[in-house]
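Asker: Provide a 3D model corresponding to the input given below.
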Amino acid sequence: MSCIQAPVGTLRPDQVQQVLILAEQAPEVHHSRPWRFQCTATSIDLLLAIPTDPWGLDDNHREAWVACGAALLNLRLAIRSCGVDPVVQLLPQLDRPSLLASVEIDGRRPTNPDGAELSLAIGLLETRTERFETDSIPEALMVELRYAARIEQAWIALLAPADFHLLGEFVGDTGEFELLDRSAHVAVIGTLQDDAASRIRAGQAMQRVLLTAARSDLSARFLAMTEGSSAGREQLRELIGGGLWPQVLLQIGRSAV
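Answerer: Alright, predicted model coming up:
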């Protein structure tokens with residue numbers, strides 16, 4: 001964060017601090033936060049904090065762009081919970097590829113109840129679950145999760161249990177996957193395109209899905225795809241029908257305490 005204690009648009013200084021604290025609670029990538037926030041008089045900007053391909057097509061850093069998208073969704077929800085309307089521009093300046101999004105504070109309107117509930121779920125989010133219960137996720141809840149992804153212009157595809165054994169070929173640690181509880185759903189969040197903006201949208205979709213799941217007492221565990229394995233992503237893409245570019249691979253279920 002590089003924001004002084006000053007108002008941003010119609011947000012008071014204490015509200016600016018509040019929304020930035022919530023925004024920072026996005027899932028980390030390899031125990032690091034690849035984003036930073038910068039405030040202006042009228043906007044909060046999201047910047048990529050690591051050196052990478054100028055337009056996010058370096059597959060080794062795809063997860064960093066997705067994580068930044070998750071932080072952006074948190075920021076949007078936190079601002080909305082203050083009764084303020086954020087206007088988001090993705091990749092607003094071609095000469096500043098590290099500027100991923102500019103979130104302008106455009107005015108006030110009644111707080112969205114659903115957005116307020118999701119912002120409260122940020123503190124409940126658990127993405128390091130070790131074991132899952134054997135109960136399946138109700139179909140009505142799966143519909144909610146799919147809708148959450150669609151809001152952010154992404155889609156969820158569920159892998160069939162018969163295909164789980166193939167994941168060992170392109171997840172980051174095949175031995176680790178063999179130890180995971182197979183009772184949870186294995187879900188892929190994908191986008192129609194594979195450009196920089198799509199990866200940021202996938203991160204926003206992932207976070208909205210995870211927050212929606214947390215609100216219903218579900219947990220998740222990330223399965224890291226092997227870095228630089230374009231062949232692995234292609235294989236995963238074929239497994240989910242060939243129409244989506246896989247951006248996030250995770251397990252979702254009820255945590256077994």
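Asker: would you enumerate the residues in contact with H185?
Answerer: 136-137, 142, 158, 251-253 (Cβ atoms under 8 Å, 6 or more residues apart in numbering). Heads up, the C-betas are built off the backbone N, CA and C, glycines and all.
Asker: surely V186 meets I156?
Answerer: No - counting by Cβ atoms under 8 Å, no contact exists between V186 and I156, whose distance comes to 10.9 Å.
Asker: count the neighbours of G107 for me.
Answerer: Residue crowding around G107 was assessed by other Cβ atoms under 10 Å; the count is 12.
Asker: and it, how far is that from G9?
Answerer: 8 Å (Cβ to Cβ, to the nearest Å).
Asker: tell me the strands beside the helix or strand containing V248, with direction?
Answerer: When elements are assigned from DSSP states H and E, V248 belongs to strand 245-253. Pairing partners of strand 245-253, with direction, according to DSSP bridges: strand 185-191 (antiparallel), strand 219-222 (antiparallel).
Asker: confidence score at T134?
Answerer: Looking at T134, its pLDDT stands at 70.
Asker: the strands paired with strand 245-253: which one's closest to Q247?
Answerer: Between Q247 and the strands paired with strand 245-253, the shortest gap by Cβ to Cβ is with strand 185-191, which sits at 5.6 Å.
Asker: run through the residues that contact G243.
Answerer: Contact analysis of G243 by Cβ under 8 Å, 6+ apart lists L192.
Asker: number of nearby residues for L72?
Answerer: A count of nearby residues for L72, using other Cβ under 10 Å, gives 28.
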